[in-house]
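[1] for reference, the sequence and a predicted model appear below.
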Amino acid sequence: MQRINRFSASVAALMFMGITFCSCDSKPDDKRKVYLLEDKKKVTDTPDQKTDSISYFLKECVNRTLTGIKTDELKYFSKEKNDTVLVIVKVGDMKGIEKSSRKELLFAVEDCLKAVDYFKNKKIYIDVEGRFNTLLVKTPVKADLDGKFADSDLILPFYGKNIIPNKETK
């Protein structure tokens, strides 16, 4: 009987793995998603003033202006392209922050940028990441400020137009 249970468990595990791997799409339909994923990996808690001056500035500004959040645990990455700016902020422990207060982080980043004349005519894209998912997104056109699961696809226009057609349009 014990042998049958082990066999059943093994078969179930193999089926689960097979379904998981088969359902994963190895190539994204939109190359911009790859760019966004790559940029999300570049967040750091010690931004360099020479290579990422925007993040360096934001870290100091947010640390001064925001209370109630452990700002020393925030990680940043920013990128500028023509008249647009992308800011990615990663929060290690968003569960420790009340859902209603989570927006304050995004607004603190936005306020810091708006306080500088250089950014006043820029289109600003802000992406707040949690440990496992996107929590908040704000773009020049739309925002997703629920504080739990935000639509990271709203950031994609920062990278330009989609040059690979979606499955629906093929």
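    Nice, I can see it.

[2] tell me how many other residues crowd the closest residue to residue 80 other than its chain neighbours.
    Leaving aside its sequence neighbours, residue 80 sits nearest to residue 54 (CB to CB, 6 or more residues apart in numbering; 6.8 Å). C-beta here means a position set from N, CA and C on the backbone, and glycine is covered the same way. Using other CB atoms under 10 Å, residue 54 has 21 neighbouring residues.

[3] repeat that for residue 125.
    24.

[4] does it have beta-bridge partners, and which?
    residue 86 (DSSP bridges).

[5] tell me how far it lies from residue 93.
    24 Å (CB to CB, to the nearest Å).

[6] same question for residue 61.
    Taking CB to CB, one finds residue 61 at 21 Å from residue 93.

[7] one more: residue 47?
    Separation of residue 47 from residue 93 (CB to CB): 20 Å.

[8] compare the two and say which is more crowded by neighbours.
    residue 47 (22 against 11).

[9] can you tell me the closest non-neighbouring residue to the more buried one?
    Residue 47's closest residue in space is residue 55 (CB to CB, 6+ apart), at 3.6 Å.

[10] looks like the one you found contacts residue 79 (just checking).
    No - with contact defined as CB atoms under 8 Å, residue 55 does not reach residue 79; the gap is 9.3 Å.

[11] so for the two, which sits in the more crowded spot?
    Using other CB under 10 Å, the more surrounded residue of residue 55 and residue 79 is residue 55, with 25 against 18.

[12] which ones are touching that one?
    44, 47, 76, 77, 78, 87 (CB atoms under 8 Å, 6 or more residues apart in numbering).

[13] neighbours of the fourth one, how many?
    So that's residue 77. Neighbour tally, residue 77, other CB under 10 Å: 21.

[14] wait, it sits on residue 52?
    Yes - taking contacts as CB under 8 Å, residue 77 lies within contact range of residue 52: 6.7 Å.

[15] mutual contacts of those two, please.
    Joint contacts of residue 77 and residue 52 (CB under 8 Å, 6+ apart) are residue 44.

[16] what's the per-residue pLDDT of the residue nearest in space to the middle of the chain here?
    The residue lying closest to the centre of the chain (CA atoms, centre = their mean) is residue 129, at 4.1 Å. On pLDDT, residue 129 comes in at 92.

[17] excluding chain neighbours, give the residue nearest to it in space.
    Here the residue nearest residue 129, using CB to CB, 6+ apart, is residue 90, at 4.4 Å.
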